[in-house]
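In: Fold the following and give me the result.
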Amino acid sequence: MSIFKQKIGIDLGTNEIVVYVPTKGVVLREPTVVAVSLIDRKIMAIGRDAHEMLGKMPESIIAIKPIKQGAISDYKTTVKMINHFINKSLGKYSLFKPEVIVSVPSSISGTERRAVMEAVLEAGAKEVYVVKEPVLAAVGSGVPIQEPVGRMIMNIGGGTTDIAVISL
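Out: This is a model prediction of the structure:
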């Protein structure tokens, strides 16, 4: 791997976002929550910081879950959240934009899939590869997906559950 190529994997879950860096493993696991000011739509906190604010926020700040059932429900907030997590994972002053693999539920539409790609690109990725969750779950758990044997994979998340049979 070239030192100039940064690669990361992102699991954009309904309840939690997980970021994986090949050389380091899982570097980030935080709630998919953003605290936003109602007055000027300014983001006050993201992830764990926003989650800790739940129940303690004044009426002028609300908590937003920008991903619902594996699809983006608030595009601008999702872009800012992904950008925050990429910077947190790779360092704020990273010189090179990363190549990003993003997992998405197998049930989302083509339009929702394109929205995820565009959001990750806008958040600072050089290239984006969108892969269905059951495939990445199989690879991550060590299932040899290149063999001509059918294997059932079940990925249970906070907003979606994917069940797939994978062979070759």
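In: use CA for all of it now, contacts and neighbours both
Out: Will do.
In: what's next to the lengthiest helix in the chain, contact-wise?
Out: Longest helix in the chain by number of residues (criterion: DSSP state H): helix 75-90. Helix 75-90 is contacted from outside by 19, 21, 27-28, 34, 46-47, 66-67, 72, 93-94, 115, 119-120, 122-124, using C-alpha atoms under 8 Å, 6 or more residues apart in numbering.
In: and with 7 Å instead?
Out: Helix 75-90 has contacts (C-alpha atoms under 7 Å, 6 or more residues apart in numbering) with Val27, Leu28, Ile46, Pro66, Ala119, Val120, Glu122, Ala123, Gly124.
In: list the buried ones in that helix?
Out: Residues of helix 75-90 classed as buried: 75, 77-86, 89-90 (neighbour count, 16 or more other C-alpha atoms under 10 Å).
In: repeat for stretch 51-65
Out: Those would be His51, Met53, Ile61, Ile62, Ala63, Ile64, Lys65, for stretch 51-65 by 16+ other C-alpha under 10 Å.
In: Cross those against strands and list the overlap.
Out: Those of the buried residues of stretch 51-65 mapping onto strands are Ile61, Ile62, Ala63, Ile64, per DSSP state E.
In: got those as TSV, with distance to Arg41 columns?
Out: Shown next, in TSV, are these (distance: C-alpha to C-alpha, whole Å):
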residue	distance to Arg41
Ile61	9
Ile62	10
Ala63	11
Ile64	11
